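**Student:** Here is a sequence together with a model predicted from it:
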Amino acid sequence: MCRVGGQNHNIEVRNIIVGLAVSLDGYIEGPNGEIDWCFTDQDYGMSSFLKRIDGILMGRKSWELAVAMGGNPWKGVTTYVFSHTLESVTDPNVKIISGNLKKSVEMLRSEKGKDLWLFGGAELIASFVDEGLVDEYWLSVHPVLLGDGKRLFGNVLPRINLKLVESKTYDTGLVSLRYANA
């Protein structure tokens, strides 16, 4: 239930979930953009997570990287690419979002559907966090220190208090952490 205009209403909104692999020292990629340190030997909760979502949010750079690696890896799931420069795509499951970030996201959140996965990149995630648009953080902390690269929360300005919703430790040393806003 949400509180709208001082009154209680039964309004369902889609949650925005940041879901990423992160090194123990807070990086989402190495100094040359490498992600070869990410574990892929088992599911790590991904199948269950994918049942919760029906949309993926990403920036242009992340989208272009996904295309360069073989196309849209999430067939059948609507992908929303946030860009001020990208004009068109050939994949019918991809929608380009430009303009006011907060208004665009609030419109997506109000549509019927499952939750939305905020996949990347770091600049887009920082913008979502700064605008108060993230409801949940699902981080897969990998037992590796990269020492340099792109930080997940390097540009986030406000302090945000979170509460732990779930944690799971895997035999590989990976720790899955789910946090929600406090």
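**Tutor:** Yes, it's here.

**Student:** for the most centrally placed residue in the chain, what are its contacts?
**Tutor:** Geometric centre of the chain, nearest residue: Leu118, 2.3 Å, by C-alpha atoms, centre = their mean. Contacts for Leu118 were tallied using C-beta atoms under 8 Å, 6 or more residues apart in numbering; they are Ile16, Ile17, Val18, Gly19, Leu57, Met58, Leu124, Ile125, Phe128, Val134. Heads up, the C-betas are built off the backbone N, CA and C, glycines and all.

**Student:** before we move on, could you check phi and psi at the closest residue to Gly120 other than its chain neighbours?
**Tutor:** Spatial nearest neighbour of Gly120, excluding adjacent residues (C-beta to C-beta, 6 or more residues apart in numbering): Ser62 at 4.1 Å. When read as degrees, to the nearest 10, the backbone of Ser62 gives phi -60, psi -40.

**Student:** Could you tell me whether Lys61 really is in a helix?
**Tutor:** Yes: assessed with DSSP: H, G, I helix; E, B strand; the rest coil, Lys61 lies in a helix.

**Student:** That one contacts Ala122, correct?
**Tutor:** No: assessed by C-beta atoms under 8 Å, Lys61 is found out of contact with Ala122, at 9.5 Å.

**Student:** quick revisit: kindly tell me how buried the residue nearest to Gly120 is, as a neighbour count.
**Tutor:** 21 (other C-beta atoms under 10 Å).

**Student:** from now on call the first residue 16
**Tutor:** That works, and once the first residue is 16, the last one we named lands at Ser77.

**Student:** Quick check: it vs Arg124, distance?
**Tutor:** Separation of Ser77 from Arg124 (C-beta to C-beta, to the nearest Å): 20 Å.
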